[in-house]
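Chemist: below is the sequence, then the predicted model.
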Amino acid sequence: MIGKTLLLPSHTRCVQAGVEWQDNALDKEYKIVTYLDPSSCSECALQILRAWKKLLDDFSSEEAQRVGFLCLANAARMSVSDSILARLQIPISVYYDLTDHFIQDNELYIDAKYRTFLIDHDNRILLVGEPLGRPKLWELYKSTIARLAANGGTLPETKKETDVE
């Protein structure tokens, strides 16, 4: 999947703390995209959002300016999720995929270990893997974002074994 373009839904409804919201995550240089398993319970989804809130608080204000966070959810969950998000006031934007095609369009498997992606400004996948509960993977996300920022939004080419000096 690395290097593949991630197709983001064109029809979404963005909600934060239960209120329709205009979020600029889609306009950021880099994006962390995660999707909530359509079959997971509401409490499980809330635990995931709380965990993401803690991780995202790790970013400096400069990093937060560059990195968008898109949490995609199945549109069928809107009414229940909106009321829970409003009650708990979790300050994370949830994008409802109104066509419910994100998983299908990207040929994704519903597997918690692979539901999160770091993508560049062209929506190319740079990293795949769920960093929640996996500190080393979260450090890899952060170091990759730092390398992107230091190199004008691109990752420097890594030397391959076949390269000749």
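Modeler: Perfect, thanks for sending it.

Chemist: by mean pLDDT, flag the weakest helix or strand of this structure.
Modeler: Between all helices and strands in the chain, the lowest mean by mean pLDDT, DSSP states H and E belongs to helix 78-88, at a mean of 67.

Chemist: on the C-terminal side of that one, identify the next helix or strand.
Modeler: strand 93-97 (DSSP states H and E).

Chemist: direction included, what does that following strand pair against?
Modeler: strand 12-16 (antiparallel), strand 67-74 (parallel) (DSSP bridges).

Chemist: centre of the chain versus the last one, how much separation?
Modeler: Meaning strand 67-74. Distance of strand 67-74 from its chain centroid, counting by CA atoms, centre = their mean, to the nearest Å, is 5 Å.

Chemist: what residues does it touch?
Modeler: 8-9, 12, 23-36, 38, 45, 49, 52, 56, 59, 81, 92-97, 100, 102, 145 (CB atoms under 8 Å, 6 or more residues apart in numbering). From N, CA and C alone the C-beta is placed, and that goes for glycine too.

Chemist: tell me which of the strands paired with strand 93-97 sits nearest to Leu126.
Modeler: strand 67-74 (11.9 Å; CB to CB).

Chemist: tell me the average confidence for the closest one?
Modeler: The average pLDDT for strand 67-74 rounds to 87.

Chemist: so which bits of that strand are buried?
Modeler: Val67, Gly68, Phe69, Leu70, Cys71, Leu72, Ala73, Asn74 (16 or more other CB atoms under 10 Å).

Chemist: can I assume Pro38 is in contact with Gln104?
Modeler: No: using CB atoms under 8 Å, Pro38 is not in contact with Gln104, being 11.2 Å away.

Chemist: more neighbours: which of these two?
Modeler: Remark: of Pro38 and Gln104, Pro38 carries more neighbours, 14 against 10, as counted by other CB atoms under 10 Å.

Chemist: look up how far Asp97 lies from that one.
Modeler: According to CB to CB, to the nearest Å, Pro38 stands 10 Å off from Asp97.
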